[in-house]
Structures are given as C-alpha cells and as structure tokens.
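[1] Generate a structure from the sequence data that follows.
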Amino acid sequence: EVQLVESGGGLVQAGGSLRVSCSTSGFTFDDYAIGWFRQAPGKEREGVSCISPSDGAVDYLDSVKGRFTISSDNAKNTVYLQMTNLTPEDTAVYYCAKFDSFFTDYWGQGTQVTVSS
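    Numbering: from 1, shown residues only. The predicted model follows:
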C-alpha cells in the first residue's frame with residue numbers, strides 16, 4: 001500500500017524557518033518523483049517544489065526560489081522541504097504527492113504551516 005505522511009508543520013513568525021517531511025512507503029522510492037504542494041484558504045492548490053530521488057533533479061515555484069530547499073534521504077524514503085525566510089503568504093496546508101510520469105497519483109494528508117506577521 002502506497003503511503004505518504006507529512007510532518008513538521010507548525011506556527012512560526014515571519015522571517016523564521018521550518019522543515020516539513022514526507023515519509024513514504026509502498027513503492028520503490030528511487031523510481032518516482034515526489035512533489036510538495038500547498039493550498040491556502042480560498043486559493044487554488046499550487047505546486048511548490050519537486051525532486052527526482054534517482055538523480056536529484058529539483059524544481060521550484062518562482063516565489064520560493066532561494067528560500068525553500070527540497071531534498072531527499074533515499075535510505076529513509078523521505079523527502080524534506082526546508083523553508084526559510086517565511087512570510088505570511090507562505091501560510092497554507094502543505095501536501096506531498098508521488099508522481100507517476102507527469103501526473104500525481106498518491107497524496108499525503110497534509111500538514112499546516114502558519115506564518116504570523
């Protein structure tokens with residue numbers, strides 16, 4: 001059974017940092033890209049970052065470039081999103097998802113990140 005479990009969300013002040021984790025199981029970790037998405041209240045879900053664990057290729061939403069860093073620990077089947085210099089606009093529920101080719105097929109339950117001003 002494929003599972004993705006996010007953790008590490010919380011409340012942080014503007015300018016602070018937070019790391020969220022996506023622990024995965026039930027599939028060959030190296031074979032699939034993993035993405036981080038977020039959805040703020042009243043807004044559409046947007047892709048934040050993604051990583052290909054097999055070769056380390058990464059991509060970022062323009063608004064988080066230079067502030068967020070995605071990484072993977074292939075031994076732990078876990079993907080991390082290190083977020084720095086957070087702003088209230090980063091407040092959202094953060095989800096990780098597994099890609100199958102260009103589409104996502106499995107999602108985690110999400111973790112709340114709240115940035116206070």
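
[2] what about G26, how many residues close to it?
    By the measure other CB atoms under 10 Å, the count of residues near G26 is 12. (Glycine included, C-beta is placed from N, CA and C.)

[3] average pLDDT for stretch 24-35?
    Mean per-residue pLDDT for stretch 24-35: 97.

[4] Any idea how far apart the tips of it sit?
    12 Å (CA to CA, to the nearest Å).

[5] Please, which helix or strand holds the most centrally placed residue in the chain?
    Nearest to the mean C-alpha position of the chain, counting by CA atoms, centre = their mean, stands W36 at 2.9 Å. Here W36, judged by DSSP states H and E, is contained in strand 34-39.

[6] And the strands in the chain, which stretches?
    Residue ranges of the strands in the chain, as given by DSSP state E, are 3-7, 10-13, 18-25, 34-39, 46-51, 58-60, 68-73, 78-83, 92-100, 103-107, 111-116.

[7] Quick check: closest non-adjacent residue to A57.
    I51 (7.1 Å; CB to CB, 6 or more residues apart in numbering).

[8] Touching, the one you found and D73? I think so.
    No - in this structure, I51 is not within contact of D73 by CB atoms under 8 Å, at 11.0 Å.
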